[in-house]
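>>> below are the sequence and a predicted model for it; my questions follow.
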Amino acid sequence: MMNQDVTLRTLKPSDDVYLVNYLNDAEVTRYLSDRLPAPYTLQDAKWWLDIGCRQNALNYAIESHGQFCGVIGAYLPDKAAPEQCAELGYWLAKGFWGNGIGTQAVALFIDKVFKQTQVTSLFNPVSAPNIASIRVMEKAGFGLNQITQNTALHQGMRFDEHVYVLKR
């Protein structure tokens with residue numbers, strides 16, 4: 001189901017309560033980086049909103065019908081790097097799954113990244129069991145570049161990763 005009135009907006013300090021609430025849901029964080037603190041505290045959220053989300057990165061809140069429902073972003077390459085390739089990442093709160101919000105957010109983000117930066121390609125490594133994110137990548141026009149074996153570590157388990165790429 002598309003047309004969920006999806007928008008991307010600048011993150012703000014008051015988003016800290018959403019981050020704490022949603023990033024303590026094991027289903028939401030199941031395939032996110034193991035670098036994410038667990039449990040995710042208010043102090044973690046405040047640090048990320050004040051400092052972390054701005055460290056050579058472009059990050060936005062995802063909203064549907066004006067309601068915060070997740071975050072999307074990319075780590076930007078060093079301007080001197082010969083390859084201007086950025087890693088895309090996103091997550092949605094569980095109550096917003098299955099409505100096309102992720103696909104729409106990725107499409108909006110692609111437009112912002114390619115208009116606001118010198119990035120020439122985006123890539124997203126998706127853990128093999130994360131079928132919903134694989135579908136989002138395909139619907140957003142990303143192509144499967146490679147499958148790496150047992151390279152993703154999430155909650156103590158190893159998975160293959162499907163690396164999706166989209167060129168400008």
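Nice, I can see it.
>>> pull the helix or strand with minimum mean pLDDT from the chain.
Across the helices and strands of the chain, mean confidence by mean pLDDT, DSSP states H and E is lowest for strand 143-154: a mean of 91.
>>> quick one: contacts of it?
30-32, 34, 123, 125, 127-128, 158-166 (C-beta atoms under 8 Å, 6 or more residues apart in numbering). Yep, even glycine has a C-beta here, placed from its N, CA and C like the rest.
>>> now the buried members of the residues you listed.
31-32, 123, 125, 127-128, 159, 161-166 (16 or more other C-beta atoms under 10 Å).
>>> can you mark which positions in the least confident helix or strand of the chain are buried?
Buried-residue list, strand 143-154, by 16+ other C-beta under 10 Å: 152, 154.
>>> buried sites along the longest helix anywhere in the chain?
Looking across the chain with DSSP state H, the single longest helix is helix 101-116. By 16+ other C-beta under 10 Å, the buried positions in helix 101-116 come out as 101, 102, 103, 104, 105, 106, 108, 109, 110, 113, 114.
>>> please name every helix or strand in contact with that helix.
strand 6-9, strand 57-64, strand 67-75, strand 85-92, helix 131-139 (3 or more C-beta pairs under 8 Å, 6 or more residues apart in numbering; DSSP states H and E).
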